[in-house]
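Asks: Let me see the structure of the following:
(2 chains)
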Number of protein chains: 2
Amino acid sequence: MLIVKKFGGTSVGDKERIFNVARRCAEEYRKGNDIIVVLSAMGKTTDELIAKAYEINPNPPKRELDMLLTTGEQVSVALMAMAFDTMDVPSVSLNAFQVAMHTTRIHGNARLKRIDSDRIMHELEHRRIVIVTGFQGINKYDNYTTLGRGGSDTTAVALAAALHADACEIYTDVDGVYTADPRYVPKARKLEEITYDEMLDLATLGAGVLHNRSVEMAKKYGVQLVVRSSLNDHEGTIVKEETNVERMLISGVALDRNTARISVIGLKDEPGMAFKLFNLLARANINVDVILQSIGRENTKDISFTVSRDEADAAVEILKENMSRIGGKNISCNREVAKVSIVGAGMMSNPGVAAKMFEALYNQNININMISTSEIRVTVLIHEKDAERAANAVHDAFGLEE
Amino acid sequence: MLIVKKFGGTSVGDKERIFNVARRCAEEYRKGNDIIVVLSAMGKTTDELIAKAYEINPNPPKRELDMLLTTGEQVSVALMAMAFDTMDVPSVSLNAFQVAMHTTRIHGNARLKRIDSDRIMHELEHRRIVIVTGFQGINKYDNYTTLGRGGSDTTAVALAAALHADACEIYTDVDGVYTADPRYVPKARKLEEITYDEMLDLATLGAGVLHNRSVEMAKKYGVQLVVRSSLNDHEGTIVKEETNVERMLISGVALDRNTARISVIGLKDEPGMAFKLFNLLARANINVDVILQSIGRENTKDISFTVSRDEADAAVEILKENMSRIGGKNISCNREVAKVSIVGAGMMSNPGVAAKMFEALYNQNININMISTSEIRVTVLIHEKDAERAANAVHDAFGLEE
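Replies: Next up is the predicted model:
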């Protein structure tokens, strides 16, 4: 068996944890398996490097920021190889140049294009555990790139796909994917299985376990994922195309506080206004989420949408600068909002799921601000103060604790 | 003019110093010069990384230690590029993969073989300051290597040679090369010029300003070096083939405390004994310095030699293990010794230089333990307690303070 195992920053945060990971991998190696280990930077290393960069330059060139950040994973993989050495397990660490992890040229948010498997295959054939730096790649100019959030998960999935691995295990600090975040929904329950599509929606909605890019890639290449804890031996959650377990109506409730609502009031009611507005944001690389358009007074319309909270200021600024071009009268921004979503492949064939959610919120006297739905998801925007109460009420209403 | 400037770890130890370096380089860049900056890891970074490695593995695989250590310079060059960016000076940082800095395959002590100048030339043509990681290279297996002590100096000299630079400036925390270490010889004087050969001997003897490998390479390729301070604008010391200044009898006094004397007593007086003994040490990569062989009693001989103090234990252990093969009777090791040397191209044509040194020591009642000479150098081994007194006495005797 060829197994790809990815461990995040907290899983390699100190000496103890590094050896903990090494022991787990060595055990499976000794059973005769081929092992590829993908690592993130240790603990808070990336944050510390970013802080160093900002100390020098509040707006560091992205190419150089990537050059700086990629050192973090390189430290992790080298130390891990040293740990394996103490256990007499042969291993070798490889960075993005050595693997040849080709990406697009965008710094800070590159996409993997192609992995040369030669070097890794060569090392595996010599029965070495191969330890690969996650999160990083090189572009066609031989410059380092980084893959953005959840980048190490993407590295692991891409390696599993490229090398036709038998398993791809994502180790994290939680036991798997839950029906809701156990930190604020005490009755949350771990799922045995979940589909790619459900996971995608949960990831997008801030479940935080897996990043949607890695799930997208897993779905595209049919890589079955296991999400499990690096701290214990509990079985995790399997992410795959179809789940075998009896279909629940919904799989989980997601809560996302990293959101802000921006409203542009009094836009001229002309064709192309929405395009102009969102094109401005797209060109600034600002992701827009839920969008609501309504008719205003006097042949005008109002557009509201959500963006992640850290991009709200930038979005407002861009729109204000271009007020004359888009012709709006007023822009407001509300940061005291949160998104609560339910996700489940089961809702496709069950009308009334959304209504059940709205009822649960109504019973709690929680006001709904905006609504957005997809085939397997319903999202509502509510006041932030109601967020946890809403998540618990919805979790209860769908009987997810069973 | 194409100028290579190398800055050591203390010169880029914090934000202030990084900007100090950036300003110096920007100034010369703005005059129209092409600038290549070679950097070491910041401050104590390398020591900290080594400590991290030893925490995991007291005997880390050298390949992985290099993988770990090379991150240090990468952090320096990325931060430097960010500093240039704040000054609107275009720059780009390059690591050993990006430059293509090919070395031999030995980890921890590799030698530079070949530098691909394409990428650097391309960047210079675009009028960017090129910031290169010192100390590191890649071998033919695409693994990181490091160049050992003084490695960043070597990187700078190699780049200057490969790119036919007009100047190669080595910035350090002292003003230049002194007639002796000013920390213990108060009358020490900075030299305006010194020859490669003199510098080589001073470097080997622990003067600490330049490493001998970089000087050897500078001599081989005729790269004229300037050693100067990164903290002020004082003129430094020029290192070149022939000096123009009137020949002093000697150029400097060097003191090296990092030495230990090992004596092997009662070796059989047979051919090949010395070979066997030193071959054992060579195979363990232990450098032997001054060697003295004398006739012992009863057809035996004694061999004494010096090694650096941190390798003394290993040397003694190896010899003890092989006592039967080399046939010695007893091994002793004395760590309380120091080497004092005088160096000067002038002594070739001046007999009596050694005698003058011995006289100075005799006047101070300092006992000489071993003596070793070369064409331009005289070294004596003395008790460590006499070291500074000896250095000052010799410095005075040759009138170096003038």
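
Asks: which parts of chain A sit against chain B?
Replies: Residues of chain A lying close to chain B by C-beta under 8 Å from any C-beta of the partner chain are A:15, A:18-19, A:49, A:52-53, A:55-57, A:60-61, A:63-65, A:67-68, A:70-71, A:74-75, A:77-79, A:81-83, A:85-86, A:92-93, A:95, A:97-98, A:119, A:142-143. In this view, the C-beta of every residue, glycine as well, is placed from N, C-alpha and C.

Asks: List the buried residues in the helix or strand bottoming out on mean pLDDT in chain A.
Replies: One helix or strand of chain A scores below all others by mean pLDDT, DSSP states H and E: strand A:288-295, with a mean of 79. Within strand A:288-295, the residues that count as buried by 16 or more other C-beta atoms under 10 Å in any protein chain shown are A:288-290, A:292.

Asks: Just checking: what are the partner strands of it?
Replies: Here strand A:288-295 is paired, per DSSP bridges, with strand A:300-307 (antiparallel).

Asks: How far away from the center of its chain is the partner strand?
Replies: 26 Å (C-alpha atoms, centre = their mean, to the nearest Å).

Asks: any residues touching it, and which ones?
Replies: A:259-269, A:273-274, A:277-278, A:281, A:286-296, A:315, A:329, A:337, A:339, A:370, A:381 (C-beta atoms under 8 Å, 6 or more residues apart in numbering or on different chains).

Asks: what's A:Gly296 sitting at in phi/psi?
Replies: phi -100, psi -160 (degrees, to the nearest 10).

Asks: Next: A:Asn139.
Replies: The phi/psi pair for A:Asn139 (degrees, to the nearest 10) is phi -100, psi -180.

Asks: What is the neighbour count of it?
Replies: The number of residues packed near A:Asn139 is 19, by other C-beta atoms under 10 Å in any protein chain shown.

Asks: Helix, strand, or coil at the nearest residue to it once chain neighbours are set aside?
Replies: Residue nearest to A:Asn139 in three dimensions, not counting chain neighbours: A:Arg105, with 4.1 Å by C-beta to C-beta, 6 or more residues apart in numbering or on different chains. At A:Arg105, secondary structure determined by DSSP: H, G, I helix; E, B strand; the rest coil is coil.

Asks: For chain B, see how far away A:Arg105 is.
Replies: 14 Å (C-beta to the nearest C-beta, to the nearest Å).

Asks: likewise A:Lys187?
Replies: Between A:Lys187 and chain B the distance is 41 Å, computed by C-beta to the nearest C-beta.

Asks: My read is that that residue contacts A:His395, right?
Replies: Yes. Judged on C-beta atoms under 8 Å, A:Lys187 makes contact with A:His395 at a distance of 6.1 Å.

Asks: quick one, which of the two is more surrounded?
Replies: More neighbours surround A:His395 than the other of A:Lys187 and A:His395, with 25 against 14 (other C-beta under 10 Å).

Asks: Let me see the mean pLDDT of whichever strand or helix holds that one.
Replies: According to DSSP states H and E, A:His395 maps onto helix A:387-397. The pLDDT scores in helix A:387-397 average 94.

Asks: list the residues that contact both of A:Lys187 and A:His395?
Replies: A:Glu401.

Asks: what's the spatially closest residue to A:Thr46 that is not a sequence neighbour in contact with, if anything?
Replies: Using C-beta to C-beta, 6+ apart and skipping residues adjacent in sequence, the residue nearest A:Thr46 is A:Gly72, 5.1 Å away. A:Gly72 is in contact with A:40-42, A:45-46, A:49, counting by C-beta under 8 Å, 6+ apart.

Asks: ok, the buried residues of strand A:288-295 vs chain B, which is closest?
Replies: Distance to chain B, by C-beta to the nearest C-beta, is smallest for A:Val288 among the buried residues of strand A:288-295, at 29.9 Å.

Asks: Of all the residues in the stretch 201-350 of chain A, which one is nearest chain B?
Replies: Counting by C-beta to the nearest C-beta, the stretch 201-350 of chain A gets nearest to chain B through A:Ser230 (17.3 Å).

Asks: what pLDDT does that residue get?
Replies: Value listed for A:Ser230 in the pLDDT field: 87.

Asks: now swap in A:Asn57 and tell me
Replies: For A:Asn57, the pLDDT comes out at 97.

Asks: ok, for it, nearest residue in space, not its chain neighbours?
Replies: Counting by C-beta to C-beta, 6+ apart, A:Asn57 lies nearest to B:Met82, which is 4.0 Å off, once chain neighbours are set aside.

Asks: The one you found belongs to a helix?
Replies: Yes. Counting by three-state DSSP, B:Met82 is part of a helix.

Asks: Isn't it up against A:Tyr54?
Replies: No. Between B:Met82 and A:Tyr54 no contact is recorded; they are 9.0 Å apart, counting by C-beta under 8 Å.

Asks: contacting residues for A:Ile371?
Replies: Going by C-beta under 8 Å, 6+ apart, A:Ile371 touches A:354, A:378-381.

Asks: Mind giving me the PyMOL select for those residues, buried ones only?
Replies: Command for PyMOL, covering only those of the contacts of A:Ile371 found buried under the criterion 16+ other C-beta under 10 Å:
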select buried, chain A and resi 378+379+380+381
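
Asks: since we're on the closest residue to A:Asn363 other than its chain neighbours, how many residues are nearby?
Replies: Once flanking residues are discounted, A:Asn363 sits nearest to A:Ala393: 6.9 Å by C-beta to C-beta, 6+ apart. For A:Ala393, the count of nearby residues is 22 (other C-beta under 10 Å).

Asks: Show me what residue of the stretch 101-250 of chain A gets nearest to chain B.
Replies: Proximity of the stretch 101-250 of chain A to chain B (C-beta to the nearest C-beta) peaks at A:Asp142, 5.4 Å away.

Asks: buried sites along stretch A:314-327?
Replies: Residues A:315-316, A:319, A:326-327 are the ones in stretch A:314-327 that count as buried (16+ other C-beta under 10 Å).

Asks: Using PDB, list the CA coordinates for it.
Replies: Extracted C-alpha coordinates of stretch A:314-327, given in PDB (Å, rounded to 0.1, in the frame of the first residue of the first chain):
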ATOM      1  CA  ALA A 314     -10.800  46.800   1.100                       C
ATOM      2  CA  ALA A 315     -14.100  46.100  -0.600                       C
ATOM      3  CA  VAL A 316     -15.800  49.200   0.800                       C
ATOM      4  CA  GLU A 317     -12.800  51.300  -0.200                       C
ATOM      5  CA  ILE A 318     -12.800  50.100  -3.700                       C
ATOM      6  CA  LEU A 319     -16.500  50.700  -4.100                       C
ATOM      7  CA  LYS A 320     -16.300  54.200  -2.600                       C
ATOM      8  CA  GLU A 321     -13.500  55.100  -5.000                       C
ATOM      9  CA  ASN A 322     -15.700  53.900  -7.900                       C
ATOM     10  CA  MET A 323     -19.000  55.300  -6.600                       C
ATOM     11  CA  SER A 324     -19.400  57.600  -9.600                       C
ATOM     12  CA  ARG A 325     -18.800  54.700 -12.100                       C
ATOM     13  CA  ILE A 326     -21.300  52.400 -10.500                       C
ATOM     14  CA  GLY A 327     -23.700  55.200  -9.600                       C
END
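
Asks: roughly how far is it from the heart of the chain?
Replies: Between the centre of stretch A:314-327 and the centre of its chain there are 29 Å (C-alpha atoms, centre = their mean).
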